[in-house]
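Peer 1: I'd like to go over a predicted model; first the sequence, then the structure.
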Amino acid sequence: MPIFYFIHNLDWGNNLKDGVRNSRTFIIGVCVYILFFVVIQNLQISFGGNERFDTLKYGLLLLLIADVCVMSYLYKRQYNRLITEELGKEDETRYKYDENNRKYVSVPIEEKLDKELHEFEVIVKHEEQQKEIISNIEKQKQQRMIDKETKNKRDLIIKNKNYIRAILRIQRFWRRMLYSPPNGIFYKKSLQDFNKYKNQIQK
């Protein structure tokens, strides 16, 4: 008896969604086939008769293959696509599910092109946004470098200005100490030399 086919056509579970019902059919069917195989294997170990039990196992294998083929055909007839489509990622560009008829229908070429065009526009827009973000980051980076350079120049100018002020103050200080009358050192010495020379002339 085809186990998958029998479980799939049971009355209980008709209110389930198609995906849940198919999953239930697969899981219970596999468990039943494994149970039959284990029973046959244990009987072979207990009672011997390798050829008879090997025949039962081969028959069970052929029944499984026939069951899978029938369910694949029913799936194709019911959902309008191969059962192997369930094993991969859902390809919405090839099929879409019709809720009313409960089957998959091929997506029209116009709809495929519109969807691909929309996806392309989204990708282009995303790339443009990325380029804009990168450009803004570069501008901010350049602006920070310019601000840093300007600040360094300003700090250098202020530092040099302070040095110049200090030098000028030192120059003024020593000018007063050396040359400014009446207490400048060189001024006093020049005055002494002048007085000395004057006295010599008068004599």
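Peer 2: It's in. Residues are numbered from 1 along each chain as shown.
Peer 1: Quick check: what element follows whichever helix in the chain runs longest along the chain?
Peer 2: Criterion DSSP state H: the longest helix present in the chain is helix 109-178. Scanning forward in sequence from helix 109-178 by DSSP states H and E, the next helix or strand is helix 185-202.
Peer 1: by contact count, what packs against that following helix?
Peer 2: helix 109-178 (3 or more CB pairs under 8 Å, 6 or more residues apart in numbering; DSSP states H and E). Every C-beta, even on glycine, is put in place using the N, C-alpha and C of the backbone.
Peer 1: model confidence over stretch 144-151, on average?
Peer 2: Per-residue pLDDT over stretch 144-151 has a mean of 90.
Peer 1: Convert the C-alpha atoms of it to CSV, please.
Peer 2: What follows is stretch 144-151, C-alpha atoms only, in CSV (Å, rounded to 0.1, in the frame of the first residue of the first chain):
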residue,chain,number,x,y,z
ARG,A,144,38.6,68.2,8.9
MET,A,145,42.1,68.2,7.4
ILE,A,146,41.7,71.8,6.2
ASP,A,147,40.4,72.9,9.6
LYS,A,148,43.3,71.1,11.3
GLU,A,149,45.8,72.7,8.9
THR,A,150,44.2,76.1,9.5
LYS,A,151,44.3,75.6,13.3
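Peer 1: pLDDT score assigned to residue 5?
Peer 2: Looking at residue 5, its pLDDT stands at 78.
Peer 1: is it true that it touches residue 71?
Peer 2: Yes - under the criterion of CB atoms under 8 Å, residue 5 makes contact with residue 71 at 6.3 Å.
Peer 1: Between these two, which has more neighbouring residues?
Peer 2: residue 71 (22 against 16; other CB atoms under 10 Å).
Peer 1: Excluding covalently adjacent residues, which one is nearest to the more buried one?
Peer 2: Spatial nearest neighbour of residue 71, chain neighbours left out: residue 4 (4.8 Å); criterion: CB to CB, 6 or more residues apart in numbering.
Peer 1: quick one: what helix or strand has that neighbour in it?
Peer 2: helix 3-8.
Peer 1: Next up, the contacts around the residue nearest to residue 8 when sequence neighbours are not counted.
Peer 2: Excluding its sequence neighbours, the residue lying closest to residue 8 (CB to CB, 6+ apart) is residue 25, at 4.6 Å. By CB atoms under 8 Å, 6 or more residues apart in numbering, the residues touching residue 25 are 4, 7-8, 71.
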